[in-house]
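Chemist: got a predicted model here, sequence first, then my questions.
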Amino acid sequence: MTLLESILLGIVQGLTEFLPISSTAHLRVVPALLGWKDPGAAFSAVIQIGTVLAVFVYFRKDLADIVRGVFRGLRQGKPLADPHGRLGFHICAGSVPIVACGLLFEKAIKTELRSLYVIAGALVVVGIVMAFADRRAGTRGQGREITLKDALFVGTAQAFALVPGVSRSGSTIAAGLLRGLDRAEAARFSFLLSIPAITGAGLKELWELSRAGLGGDDAWLLFSGTVVSFVVGYAAIAGLIAFLKKRSVMVFVGYRIALAAVLLVLVGTGVLEHL
C-alpha cells in the first residue's frame, strides 16, 4: 500500500463510517475499482479508530456528562438514578450483541462475507428497511430518554452491521427510527453506541497486527489513514446530524440501491471479482 492509497482509504472510511452507506462496502469496492489490493478487514478496523476519536471529540460534552453520571450514581449506591448514568449503562448493554457476534463470526466476516454479492444484497435490503423506518419518523420521540429496550433493539441492529454492506450507522439509525426516535436523536445515539464496538475492534486488530510484526512503513500508513479518517469523520458527523434535522434518509436509500446495481453489473460483466 502507498501513502496515496492510505490517505484515500482514510477519506473513504471517515466519510462512509457515519453516512448510512456502509464503510466496509466502500473500503472493499474502491480499491477494487482502482486496481488496488483489498486492504482487508484488519486495515479497515484499525483506521476506524480515527472515526471513533471523531465521535469522542464531537460528543465530548455528552460523554463527560455520561461519565460523571455513572460515577455519581455509583457513589450514591443508585447506579441507574442519574439519567446520564443510565445512558452510559444502556450504551454498554447495547454493545453486547455486536461483541458476541463479532467473536462468534470473526472468520466469516473476514472472508466469505466480503463477497460483492453479499455487499450488494445487504445494500438493497438495509436500504429498504431504512426507507420503511424513515416513513415512520417524525418528532414524536424528540427529547425523550433512551430506554434499555431502545438500546438493546438498536444494539442488535448494530450487530448486523458486521456484514459488509449493511452499514453500522444505517442499521442503527433505522432501528432508532423504528423505536420512535426522531432522525437527529437516532443518529446521535447511533454514534454514541459505536464507541465501544469500534474502539474494541480497532484495538484488537492493531494488537494482532503488532504481534505479527507491523513494520515501520506499515505503521506509518496505518497512522496516516487513521488521522485522515478522524478529520473527515468529524466533518461527516456534524454534516449528517445537521442534514437529518431538516431532511430524510431517502437520498442515502437511493444511493445504496444504485451502488448495488452498479456492483452487480460490474461483477456480472467480469470487471470485478466477487471475492
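Modeler: Here it is on my side, so go on.
Chemist: all helices of the protein, in order?
Modeler: 3-16, 23-33, 40-58, 60-76, 83-104, 106-110, 116-135, 148-160, 168-178, 183-211, 216-244, 250-268 (DSSP state H).
Chemist: with just CA atoms, put the last one into PDB.
Modeler: Right, the one you point to is helix 250-268. What follows is helix 250-268 as a C-alpha-only set of coordinates in PDB (Å, rounded to 0.1, in the frame of the first residue of the first chain):
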ATOM      1  CA  MET A 250     -34.100   8.700   1.400                       C
ATOM      2  CA  VAL A 251     -31.200  10.200  -0.600                       C
ATOM      3  CA  PHE A 252     -29.000   7.500   1.100                       C
ATOM      4  CA  VAL A 253     -31.500   4.800   0.300                       C
ATOM      5  CA  GLY A 254     -31.400   5.800  -3.400                       C
ATOM      6  CA  TYR A 255     -27.600   5.800  -3.400                       C
ATOM      7  CA  ARG A 256     -27.400   2.300  -1.700                       C
ATOM      8  CA  ILE A 257     -29.700   0.800  -4.300                       C
ATOM      9  CA  ALA A 258     -27.900   2.500  -7.200                       C
ATOM     10  CA  LEU A 259     -24.500   1.300  -5.800                       C
ATOM     11  CA  ALA A 260     -25.800  -2.300  -5.500                       C
ATOM     12  CA  ALA A 261     -27.000  -2.200  -9.100                       C
ATOM     13  CA  VAL A 262     -23.600  -1.000 -10.300                       C
ATOM     14  CA  LEU A 263     -21.800  -3.600  -8.400                       C
ATOM     15  CA  LEU A 264     -23.900  -6.400  -9.800                       C
ATOM     16  CA  VAL A 265     -23.300  -5.200 -13.300                       C
ATOM     17  CA  LEU A 266     -19.500  -4.900 -12.800                       C
ATOM     18  CA  VAL A 267     -19.400  -8.400 -11.300                       C
ATOM     19  CA  GLY A 268     -21.700  -9.800 -13.900                       C
END
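Chemist: burial check on Val231, number of neighbours?
Modeler: 15 (other C-beta atoms under 10 Å). Placement of C-beta: from N, CA and C, glycine included.
Chemist: who's in contact with the nearest residue to it once chain neighbours are set aside?
Modeler: Leaving aside its chain neighbours, Val231 sits nearest to Gly14 (6.7 Å; criterion: C-beta to C-beta, 6 or more residues apart in numbering). Counting by C-beta atoms under 8 Å, 6 or more residues apart in numbering, Gly14 makes contact with 50-51, 54, 228-236.
Chemist: now tabulate those residues in TSV and tack on pLDDT.
Modeler: Listed next are the contacts of Gly14 as TSV, based on pLDDT from 0 to 100:
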residue	pLDDT
Gly50	91
Thr51	91
Ala54	95
Val228	95
Ser229	94
Phe230	95
Val231	96
Val232	96
Gly233	95
Tyr234	96
Ala235	96
Ala236	96
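Chemist: who wins for neighbours among these?
Modeler: Using other C-beta under 10 Å as the neighbour test, those are led by Ser229, with 32 neighbours.
Chemist: that one touches Ile47, doesn't it?
Modeler: Yes - the criterion here is C-beta atoms under 8 Å, and Ser229 meets it with Ile47 at 4.9 Å.
Chemist: kind regards, and thank you for your time.
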